[in-house]
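**Student:** The amino acid sequence is not available; the structure is as follows:
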């Protein structure tokens, strides 16, 4: 099995070549380890990295120490969620062997609602695939409530899942009497 660090090397580095002191994959792994340890937000992640500086300097062979708060904040603001999510998903899927139960659920992201008192209400949600046996989130996608539906996002995530022997559990929200009719091009493939 490949380490998470190896999968994170596949993520394209968005930074300029000038002044890079920390490899992209090392930076990402530090942020993920902070999140897995319960440290969220720019300040929490920065405190976690600073508290474990000696470990990170030795692990990644950092000549200039760990990144400071301002560097971390600027780095995280420019990250591409989809490429990191893809790398993390590839890493997590290697821990699913044989038959498994995978739960699919969507959760609204706090403080993203707009027009909360009108019929034009809109908010961001995350739809996730979670394997309870391994305790890992296998894949996620972000949706906007006015543009997409949780059911549509769940079907897209299931379609990306190429392993056999998986049992999916979903909310009652996904039970619909009327399914939309596939387009003529999709019917030709069926």
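**Tutor:** Sure, I can see it. Values in this document were obtained by computation on a predicted structure and should not be read as measured data.
**Student:** Can you give me the domain assignment for the chain?
**Tutor:** Taking automatic domain parsing as the criterion, the chain consists of the domains 4-88, 98-113+121-173.
**Student:** in this protein, which spans are strands?
**Tutor:** For the chain, applying DSSP state E gives strands covering 100-108, 124-131, 136-144, 166-169.
**Student:** Compare those strands and give me the one nearest residue 23.
**Tutor:** Evaluated over the strands of the chain, closeness to residue 23 peaks at strand 136-144, with 24.3 Å, by Cβ to Cβ. Quick note: C-beta positions are derived from backbone N, CA and C, even for glycine.
**Student:** could you check the angle strand 124-131 makes with that closest one?
**Tutor:** With axes from the mean of the first three to the mean of the last three Cα atoms, to 10 degrees defining the directions, strand 136-144 sits at 160 degrees from strand 124-131.
**Student:** what's strand 136-144 in contact with?
**Tutor:** With Cβ atoms under 8 Å, 6 or more residues apart in numbering as the test, strand 136-144 has contacts from 81, 85, 89, 92-93, 95-96, 102, 106, 109, 122-131, 149-150, 152-153, 156-157, 160-161.
**Student:** dump the residue contacts of the residue sitting nearest the centre point of the chain.
**Tutor:** Geometric centre of the chain, nearest residue: residue 85, 3.9 Å, by Cα atoms, centre = their mean. The neighbourhood of residue 85, defined by Cβ under 8 Å, 6+ apart, consists of 139-141.
**Student:** Residue 45: which of those residues is nearest?
**Tutor:** For the contacts of residue 85, the nearest to residue 45 is residue 140 (18.7 Å; Cβ to Cβ).
**Student:** just to revisit the earlier point, turn the strands of the chain into CSV, including distance to residue 51.
**Tutor:** Conversion of the strands of the chain to CSV gives the following (distance: least, Cβ to Cβ, whole Å):
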stretch, distance to residue 51
strand 100-108, 29
strand 124-131, 28
strand 136-144, 25
strand 166-169, 38
